[in-house]
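S.K.: pasting the sequence and the predicted coordinates here, then a few questions.
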Amino acid sequence: MTNLLLRLFLNAAALFLTTLLVPGLHLERLSTAIWAALVWGLVNTLIRPLLSFFTIPLQLLTLGIFTLIINAFMLLLTAKLVPGFSINSFASAFLGALVLSLISIILNKVTE
């Protein structure tokens with residue numbers, strides 16, 4: 001249980017840092033980052049595998065780069081579902097998904 005809460009707070013911190021670094025991503029307050037991290041986790045657990053499965057040919061054709069587009073769509077979906085979290089454009093979502101992934105990797109490696 002504590003591992004799950006730690007991952008939630010690490011994802012919230014990563015999301016908060018991402019909104020500071022990427023123009024076009026906005027969080028109203030820190031508590032919104034926690035809700036967005038929870039929704040982000042649920043969206044990535046429930047919807048992302050389906051999208052990944054149906055886009056296997058595109059992923060193979062682009063050597064996996066299409067996964068970044070899927071991540072951007074997941075971030076846009078999270079912003080639609082969480083009040084107080086907004087994204088101005090797909091370009092902001094794309095860059096935000098890339099930065100969020102990098103920050104999450106770093107934070108998870110630091111806390112291992």
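M.R.: Noted; the coordinates are in hand. Numbering: from 1, shown residues only.
S.K.: can you pull out the strands in the protein?
M.R.: Assigned by DSSP state E, the chain shows strands spanning 25-27, 85-87.
S.K.: looking at those, which is closest to residue 109?
M.R.: Counting by CB to CB, residue 109 lies closest to strand 25-27 out of these; the figure is 23.0 Å. Bear in mind the C-beta positions are built from the backbone N, C-alpha and C, glycine included.
S.K.: which residues sit against that closest one?
M.R.: Under the contact criterion CB atoms under 8 Å, 6 or more residues apart in numbering, strand 25-27 has outside partners 15-16, 18-19, 33, 36, 84-88, 92-93, 96.
S.K.: for it, buried residues please.
M.R.: Going by neighbour count (16 or more other CB atoms under 10 Å), the buried part of strand 25-27 is 25, 27.
S.K.: same check on stretch 32-47?
M.R.: 32, 33, 34, 35, 36, 37, 39, 40, 41, 43, 44.
S.K.: circling back: the contacts of strand 25-27, buried ones only, as a ChimeraX selection?
M.R.: A single ChimeraX command selects the buried members of the contacts of strand 25-27 (16+ other CB under 10 Å):
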select :15,16,18,19,33,36,85,86,87,92,93,96
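S.K.: tell me the confidence at the closest residue to residue 34 other than its chain neighbours?
M.R.: Excluding its sequence neighbours, the residue lying closest to residue 34 (CB to CB, 6 or more residues apart in numbering) is residue 12, at 4.6 Å. pLDDT for residue 12: 93.
S.K.: check residue 25 too.
M.R.: 96.
S.K.: so where do the helices sit in the protein?
M.R.: 2-21, 30-46, 48-54, 56-61, 66-81, 90-110 (DSSP state H).
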